[in-house]
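**Q** sharing a model prediction with you, sequence too.
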Amino acid sequence: MTAAALAVLVAIPLADAAFNIAHTALLVGALNSGDLEALAAATADRLHQDLRFAAVPHSRAALDAGLSAGAICGWLSGSGPSVAMFCRAGEAERIAQSLPVEGAAKVLDIDTVGARLL
């Protein structure tokens, strides 16, 4: 994390910290069960994203565009400027086309096999 990214962080209320911790558990449950509605809720953030999006407005625009185009959920990756999104199979290219032209999109598949010994 860069010094500039750390500089935007401030003291956080206990309720916001608890919110994010609870949503981490929700994220694990949603990924395990395939509950897409819970997955969307689980990626909500009260700790850092809004503060960091102020420094990378194109990232906020990309996330908003992807969600409006049908992405299930999305989040700021690290301190930005990258964002990541989950979408249903077959919708990734259409969602990628909806993103602002200031950035670049990379469509990735989810590895359903996991780690393997080569």
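**A** Nice, thanks for sending it over.
**Q** any idea which helix or strand comes after the lengthiest helix in the chain?
**A** If each helix of the chain is counted by residues according to DSSP state H, the longest one is helix 14-33. The C-terminal neighbour of helix 14-33 among helices and strands, as given by DSSP states H and E, is helix 36-42.
**Q** chain center to that next one, what's the gap?
**A** Computed by Cα atoms, centre = their mean, to the nearest Å, the separation of helix 36-42 from the middle of its chain amounts to 12 Å.
**Q** buried stuff in that helix?
**A** Using 16 or more other Cβ atoms under 10 Å as the burial criterion, the residues of helix 36-42 that qualify are 38-40, 42. The C-beta positions use only the backbone N, C-alpha and C, and glycine is treated the same way.
**Q** likewise stretch 82-99?
**A** With the criterion 16+ other Cβ under 10 Å, stretch 82-99 contains buried residues 83-87, 92, 95-96, 99.
**Q** got the buried residues for the lowest-mean-pLDDT helix or strand in the chain?
**A** In the chain, the helix or strand scored least confidently by mean pLDDT, DSSP states H and E is helix 3-7, which has a mean of 72. With burial defined by 16+ other Cβ under 10 Å, the residues of helix 3-7 counted as buried are residue 5.
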